[in-house]
Every structure is written in C-alpha cells, then in structure tokens.
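Q: Got a predicted model here, sequence first, then my questions.
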Amino acid sequence: MAHKANGEWRGWRAAAQEALYGADGFYRRPEGPAGHFRTSVHASPLFAVAVARLLCRVDAALGQPAELAFVDMAAGRGELVGGVLDALPEDVAARTRAYGVEIADRPEDLDRRVEWLERPPEGITGLLFANEWLDNVPVEVAEIGADGVPRLVLVREDGTERLGEPVVGADAEWLARWWPLSGEGCRAEIGLPRDTAWAAAVATLDRGLAVAVDYAHRADARPPFGTLTGFRAGRETAPVPDGSCDITAHVALDACALPGGRLLTQRAALRALGITGARPPLTLASTNPTAYVHALAQAGAAAELTASGGLGDFGWLLQPVGVPDALLVDVPDHEEH
C-alpha cells in the first residue's frame, strides 16, 4: 500500500484521511462498508422505507415541486438510495432526482436512475440524508498531558501514539466550547472539521431538509476518554491508520447543529415515521398466518432499528432550510435527543 513511512508521526486527522480515502484507502476497497460493519441501512429495508416516508413529507412541505432531490451522502454501494426509490409512491418517484455521493466508483448494479457523484450537487430542493457519514470525517484527537495541557495525539501507521504540541487556535476554542477536558489522560475528538463539513452539505440545499444520522454524544455526556475506534470484518478493533480497517469516532452532533437544527434519537424519529416495532395482534395468526409471520418479521426488524442500547440510540440532526418544521412529525418532548 502507498502509505507514509511507518515511523512518521502525524496527527490523527491526516493519518485517518489517508488511511480511509487515499489511493489505497479503506473506502476504496471493493467490498465496501457493508463488508466490515452493519449500519441501519443494512439491518433492514424498513430504514429505507422510513427515509422514503420522510422524503414524501418534505415533498409536501415544499409544495410538491416539479423536481424533488434526494441526496444520499456517503452512499456506500447505493443500498439506501436504491431502497428509497423502490419505496416511494409512483407519483413521487417520477419527480425524484436521486444522487449517491461517494468517493468509490459507481456500483455496476446500481439503479440507472441514480446519479453517482463525488460531492453533493448544489442548489437542490429536497432531502439530503447523511447516514453514518460524519463519524468518518477525520478529526484530530487531543489528550491532557502530565502538565495539564491539552495536546494533539500523534500516531504512526502501526497505531503507536504519543503526545505532540499543545492544541491552539480554532481547535482550542472548539474544545473549550464543546468538549472541555480535565485530568491527565482525558481525551477528546476535536469535531471542528465535522461542523464545517456539515455546514457545507447543508449549504447545497436551496430549500428542504438535511439530516445527519450517526453515533453521537452531547455536551452533558461526553465520554471522558473519547470514542476513536476501528472496525474490520464486522468486529471492533484497534484504530490503526494503515488502510486495513475503518476508523471512526462518535459525533458531537450538538456542535454540528446550525440555528434551527433539531436533535432526536433514531428511536423517536423512526417511531414518528411509523416504524414502531409493535407486534401484530395474535388474532391475525389464526385469520391470516402468512400475514402474521410477515408482520412479525417486520416488527422484529423495526425493534432492532429502534432498540435502546443499539441503533435506536443513534442521533438524528434535522436541519430545515427555507421550510418550517420540514419533518412534520409529532415527537413527545421526552423523546427529543
């Protein structure tokens, strides 16, 4: 692999950027993300059904424009965008222009209606949906040294770490505002590049809704030692920036939010979109056994997507642009994230 020399020390942002997105990076591998970890998209087709319902609600809020955009950020191999197109009512699908945004080459079997791009289109009207994108936007890692000063964590290609220079400038300001550290050994991921990336993605919308879905934490519950980790072949592993594994860290979605943004749990958002996990009535088993078995399987899939301690705890950041309350759902206050 064409990587930096094993002995070179770099910040985690540069190291992860090359390891994930370089010429031989993890996200250029032929098996794609699904070969290494399971997202909500891969867990059940119901996730795409929910996103299709959301797109329909955005469409209604926009007044049913002649062209409705759906942008799938970090589209992987196109699983979500294809599922959304399949789940849309015919009249909405006929007006929908779908985009998959991904650095990897276009999948050979992708629906021909999907445009495949390396960056999101500008000036769109519709829904931009970023499922597990921001957690893979590389960031610097900071750690409190023995002197009590937050310092950049430097890393070599084999994963060995040491502390570098003190955190300064905009990174230091972000830490002080969003993730203040105290105590030797405490760590944080400096989320400023994610804030910037999210703002740029939202700016591609003329009108509509942008949604970021990710592993997340809030200012009142930041993990004291950070969340940087790796995934390989379905298993969590040490984060080693050599291109052999995914490198990810949870997202401070509250820092990413722009004015008017709204934070929910995935559980609350999906329930509001009709994915509840409720079991079918037992009477259906006697009147229509086939329908009962199907409904039971759907309930199980919905339960996984909304489970506490699992996918249901993901954060959803909803960012309307030029439309009021684009989600158009009633979420109880106690279910807000």
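A: On my side now, so go ahead.

Q: Gly63 - how many residues pack around it?
A: When counting by other Cβ atoms under 10 Å, one arrives at 9 neighbours for Gly63. C-betas here are computed from N, CA, C, even on glycine.

Q: State the phi and psi torsions of it.
A: Backbone torsions of Gly63, given as degrees, to the nearest 10, read phi 80, psi 30.

Q: Could you do Thr237 as well?
A: Per degrees, to the nearest 10, the backbone of Thr237 is at phi -150, psi 170.

Q: Give me the pLDDT for it.
A: Per-residue pLDDT puts Thr237 at 93.

Q: So if we follow the domain assignment, how does the chain break up?
A: Residue ranges for the domains of the chain, per automatic domain parsing: 10-17+139-188, 31-138+191-216+251-275+313-335.

Q: For Glu236, find the nearest of these.
A: Taking Cβ to Cβ, domain 31-138+191-216+251-275+313-335 is the member of the domains of the chain nearest to Glu236, at 8.9 Å.

Q: Quick check: Glu140 touching Ala15?
A: No: the criterion here is Cβ atoms under 8 Å, and Glu140 misses it with Ala15 at 10.0 Å.

Q: Which one of these two is surrounded by more residues?
A: Here Glu140 and Ala15 are compared on neighbour count by other Cβ under 10 Å; more neighbours surround Ala15, at 26 against 23.

Q: which non-adjacent residue is nearest the more buried one?
A: Spatial nearest neighbour of Ala15, excluding adjacent residues (Cβ to Cβ, 6 or more residues apart in numbering): Pro241 at 3.9 Å.

Q: ok, now which ones touch that neighbour?
A: Trp12, Ala15, Ala16, Glu18, Ala19, Val155, Glu157, Gly159, Ile247 (Cβ atoms under 8 Å, 6 or more residues apart in numbering).

Q: For the first one, give its distance to Ile247.
A: Think Trp12. Distance check for Trp12 against Ile247: by Cβ to Cβ, to the nearest Å, it reads 8 Å.

Q: which residues do the two both contact?
A: Taking Cβ under 8 Å, 6+ apart as the contact rule, Trp12 and Ile247 both touch Pro138, Leu228, Pro241.
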